[in-house]
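Undergrad: Structure of the sequence below:
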Amino acid sequence: MSDALPAAWFYRLKAAQRDLIARAGGIERSADLASMSKSQVGRFNNAGDPDLMPLPAVLMLEAECASPLVTAVMAELNGRRLADAEVGDTANASIMASHAEVVVQAGELMAKGAIAFADGRLTPSEAAGIDRSAASLENAVSNLRQATASARVNGLSVVGSK
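TA: Residues are numbered from 1 along each chain as shown. Predicted structure coming up:
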């Protein structure tokens, strides 16, 4: 781990790598896609290992799953945010489903935190679980924001309203 890279950001990058590997189909499939060994990808997937994924592997896996998980964290690290080139047409049901997913993910994060904090101690495993729940919530919020942006452009009518 680099001294120039704060530990919190290192763990954030490692979490994004794990999410990317999972979305790309797991360690074995990610290794095949990135032309790397399973042991290398396994190290990238291990929160306690200091190895970070090389940029070509990140780009290949992000292209495969059409989600810039690691790139978004790298942008955050540099005080930037990613923006989609175009926001697709989002149906009314999609925005409602997106909102519901945010509520579900927020509930899961709160429950995970309550369980972890109940004994007054936070273990590394509990912190990792909270981070995974926070990543799921972050993804759900991003999807909701995309849906609301589309609704602002295209309008929204609630089914059943007059």
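
Undergrad: Phi and psi next, for D49.
TA: phi -90, psi 140 (degrees, to the nearest 10).

Undergrad: which residues does it contact?
TA: R43 (Cβ atoms under 8 Å, 6 or more residues apart in numbering). For the C-beta atoms, the positions are set from N, CA and C on the backbone; glycine is no exception.

Undergrad: Find me the pLDDT at the most centrally placed residue in the chain, would you?
TA: In the chain, the residue lying closest to the centroid (Cα atoms, centre = their mean) is A135, at 4.6 Å. Model confidence at A135, given as pLDDT, is 92.

Undergrad: just checking, it touches D19?
TA: Yes. Between A135 and D19 there is a contact under Cβ atoms under 8 Å: 5.8 Å.

Undergrad: Quickly find the element holding the residue nearest to the centre of the chain.
TA: Using DSSP states H and E, A135 sits in helix 124-154.

Undergrad: Wait, L69 touches K14, no?
TA: No. Using Cβ under 8 Å, L69 is not in contact with K14, being 11.6 Å away.

Undergrad: so where is this structure shaky, pLDDT-wise?
TA: When residues are selected by pLDDT under 70, those of the chain lie in 1-6, 83-93, 154-162.

Undergrad: quick one on the thing from earlier: the helix holding A135: which residues count as buried?
TA: Neighbour counts over helix 124-154 (16 or more other Cβ atoms under 10 Å) mark 126, 128-137, 139-140, 142-144, 146-148, 150-151 as buried.

Undergrad: what domains does the record give for the chain?
TA: The chain breaks down by automatic domain parsing into domains covering 7-77, 92-154.

Undergrad: Relative to P54, how far out is the residue nearest to the centre of the chain?
TA: Per Cβ to Cβ, to the nearest Å, A135 is found 22 Å from P54.

Undergrad: quick one, helices of the protein?
TA: For the chain, applying DSSP state H gives helices covering 7-23, 27-34, 38-45, 55-65, 69-77, 92-117, 124-154.

Undergrad: so what secondary structure elements neighbour the last one?
TA: Yep, that's helix 124-154 we're talking about. helix 7-23, helix 92-117 (3 or more Cβ pairs under 8 Å, 6 or more residues apart in numbering; DSSP states H and E).

Undergrad: what's the closest of those to G48?
TA: Nearest to G48 among the helices and strands packed on helix 124-154 is helix 7-23; the distance by Cβ to Cβ comes to 8.7 Å.

Undergrad: So which bits of that closest one are buried?
TA: 10-21, 23.

Undergrad: swap in stretch 101-117?
TA: E101, V102, Q105, A106, E108, L109, K112, G113, A116.
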